[in-house]
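K.L.:
Generate coordinates for the sequence data below:
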Amino acid sequence: VAELLAEAVPCAEMSRFVKTGSEAAEAAVRIARSFTGRDMILTCGYHCFDGETELLTPEGFRNVTSILPGDLVATLNPVSGFLEYRPATNAESHEFQGSLVHFKTSRVDLLVTPGHKVYRAFLDSHKRRTFRLVEAASMIGRAVVTMTAGAQWRGSEPNRIRIRSIRAYWPVGKKLTLSDVSQIREALDAGESTVELGKRFGVTRAMISHIRKRRKWSGIGQHTKGITDFPAESFMRFMGYFVTEGNILKSTKRPRYEIFLHQKVGTAVFTAMQQVVAELGFRSHIAGGKSISFGSKELWTWLHECGIGAGEKRIPLSLKAYGPRLLRPMFEAMVDGDGTRERGRPRKFYSTSRQLVDDFCEIALKLGYTTTVTKRRNNESTINGKAVRSRLPIYHVSISGEQIRTILRHQIFKRPSDGRVFCVSVPPHHLVYARRNGRSVWTGNSWHSWYAATKAKHPGVPAVMETLARAFPYNDLDALEGALKAHEGRVAAVMLE
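P.N.:
Next up is the predicted model:
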């Protein structure tokens with residue numbers, strides 16, 4: 001074979017055989033850099049997503065068009081199987097003319113350029129499943145392609161959760177803020193009289209004297225309730241109930257800062273809600289025969305982070321960062337509040353809040369579940385056999401414990417495209433959690449896997465190759481010529497795919 005290659009390519013003095021195309025490309029890059037003494041590689045071909053793809057980030061799913069370098073993106077550690085958040089190093093878009101590769105089933109919807117690397121399963125000689133990155137175009141015509149949509153997660157799991165304490169400071173005719181008190185202290189230290197300060201801040205001299213005597217803020221004011229420290233699992237379970245069935249209200253009479261959980265009286269969920277409120281340390285009462293109500297200014301204030309109104313509900317980032325032991329009580333409470341079960345297992349979740357649905361899908365992923373989201377545009381739906389009407393679109397989330405995605409031959413096909421494609425690179429694992437039309441799967445990002453595998457210990461290869469690789473438009477010789485001029489004297493090789 002080597003002799004035939006030498007005859008076909010007269011300038012080739014030697015042939016070397018390697019196991020994979022990536023290994024061959026890596027060897028070629030090393031030789032070119034060693035011979036030329038240059039570092040930059042020009043590559044053609046795009047390894048990108050279409051504009052409807054979303055990527056998982058700590059804030060939820062974001063359209064790939066909005067991802068910027070430095071933004072944190074969910075990536076999968078292929079060795080440990082754990083989900084991690086890493087910063088994106090590249091985020092670009094390009095015009096593309098040609099055919100994209102479409103993987104489309106009831107649970108997968110992935111549309112990428114032909115050279116894009118997908119995370120596909122292989123069986124070894126012992127029938128053990130391993131995953132590797134392969135080009136999307138090479139999957140066309142295969143009888144079965146298997147991917148994964150699952151992951152593991154680790155996070156902090158404290159025994160107690162504390163929220164911010166609020167102190168009330170009530171002078172005559174006006175409420176002083178912490179900033180006002182600090183300014184008064186500074187003015188007193190500077191020698192300003194209590195009369196002048198009283199006029200400036202609209203308070204009595206007695207209040208100014210009180211601040212002078214009690215220099216430490218901890219000695220001023222009273223806790224409105226004083227309950228700011230909660231058992232962690234009880235607090236997370238309460239949050240699951242609140243984001244699905246709760247709201248807050250500021251009343252004109254005591255308790256002024258009311259928190260409500262709505263559920264039919266006498267049901268198992270109603271009883272569980274009463275129990276979790278008691279575990280937090282509050283005394284609740286039944287309001288209007290269909291709600292649990294209790295008062296707490298501290299908790300009322302903190303719950304504003306969860307959004308106001310059904311269409312704006314969300315889960316605070318600090319809660320989503322906790323480990324599975326704390327995420328599970330919240331997940332189960334959300335299913336009890338706005339979901340359904342089948343033989344005791346969670347099967348559906350419903351919400352009019354797009355952000356809350358994204359948060360729920362993220363928590364489900366961290367607990368080992370996979371999800372598929374559909375949007376119902378009509379205003380009617382059925383939940384637990386009951387007709388529900390909403391002015392907002394209702395999102396339906398299907399929950400499954402099956403992490404493997406099987407794609408058949410007829411579900412992988414080419415789709416003509418004439419528009420922009422979008423590229424994102426997330427080292428070191430180069431795997432991202434992509435969702436399109438509510439269907440998610442792990443896939444490669446927009447750069448070759450062997451870029452990340454290249455190490456500085458090899459001759460002529462820099463430690464960070466991503467910053468030394470430049471792409472030019474596919475089959476565009478004018479763009480190649482422009483790239484060579486732009487990087488004159490630095491290009492070691494041009495890679496054509």
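
K.L.:
Quick one: residues contacting residue 163.
P.N.:
If you count contacts by Cβ atoms under 8 Å, 6 or more residues apart in numbering, residue 163 has them with 228, 230, 298-299, 302. C-beta here means a position set from N, CA and C on the backbone, and glycine is covered the same way.

K.L.:
and those residues, which of them are in helices?
P.N.:
Among the contacts of residue 163, DSSP state H puts 298-299, 302 in helices.

K.L.:
Which one (most neighbours) among the contacts of residue 163?
P.N.:
residue 299 (23 neighbours; other Cβ atoms under 10 Å).

K.L.:
can I assume that residue is in contact with residue 258?
P.N.:
No: contact criterion Cβ atoms under 8 Å: residue 299 and residue 258 do not qualify, at 10.6 Å.

K.L.:
and the nearest residue to residue 420 once chain neighbours are set aside, helix, strand or coil?
P.N.:
Nearest in space to residue 420, with sequence neighbours left out and distances taken as Cβ to Cβ, 6 or more residues apart in numbering, is residue 93 at 5.0 Å. Following DSSP: H, G, I helix; E, B strand; the rest coil, residue 93 is assigned to strand.

K.L.:
Would you check how far apart residue 93 and residue 421 are?
P.N.:
From residue 93 over to residue 421 the distance is 7 Å, taken as Cβ to Cβ, to the nearest Å.

K.L.:
what is in contact with these two at once?
P.N.:
Shared contacts of residue 93 and residue 421, defined by Cβ under 8 Å, 6+ apart, comprise residue 48.

K.L.:
which residues in the stretch 351-497 of the chain form helices?
P.N.:
For the stretch 351-497 of the chain, helices defined by DSSP state H, counting those that start in this stretch occupy the ranges 354-366, 449-453, 477-486.

K.L.:
Ranking those by mean neighbour count, which comes first?
P.N.:
With neighbours defined by mean count of other Cβ atoms under 10 Å, none of these is more surrounded on average than helix 354-366, at a mean of 24.

K.L.:
how about the nearest residue to residue 95 once chain neighbours are set aside, what does it touch?
P.N.:
Closest residue to residue 95 apart from its sequence neighbours, by Cβ to Cβ, 6+ apart: residue 420 at 5.9 Å. Under the criterion of Cβ under 8 Å, 6+ apart, the neighbours of residue 420 are 51, 93-96.

K.L.:
circling back: could you identify the least confident member of the ones in helices among the contacts of residue 163?
P.N.:
Lowest pLDDT of the ones in helices among the contacts of residue 163: residue 298, 89.

K.L.:
how close does that one sit to residue 241?
P.N.:
Distance, residue 298 to residue 241, by Cβ to Cβ: 18 Å.

K.L.:
Give me the phi and psi angles of the nearest residue to residue 2 once chain neighbours are set aside.
P.N.:
Excluding the flanking residues, the one nearest residue 2 by Cβ to Cβ, 6+ apart is residue 15, at 4.0 Å. Main-chain torsions, residue 15, degrees, to the nearest 10: phi -120, psi 140.

K.L.:
where are the low-confidence patches of the stretch 301-450 of the chain?
P.N.:
For the stretch 301-450 of the chain, applying pLDDT under 70 flags the ranges 378-390, 447-450.

K.L.:
in the sheet, who's paired with residue 342?
P.N.:
residue 345 (DSSP bridges).

K.L.:
neighbours around it, how many?
P.N.:
Residue 342: 9 surrounding residues under other Cβ under 10 Å.

K.L.:
Could you do residue 260 as well?
P.N.:
Residue crowding around residue 260 was assessed by other Cβ under 10 Å; the count is 18.

K.L.:
Three-state assignment for it, please.
P.N.:
Classification of residue 260 using three-state DSSP returns strand.

K.L.:
pretty sure it is touching residue 250, no?
P.N.:
No: taking Cβ under 8 Å as the definition, residue 260 is not a contact partner of residue 250, at 12.0 Å.

K.L.:
Leaving out chain neighbours, which residue sits closest to residue 233?
P.N.:
Going by Cβ to Cβ, 6+ apart, residue 233 has residue 329 as its nearest residue, at 5.0 Å.
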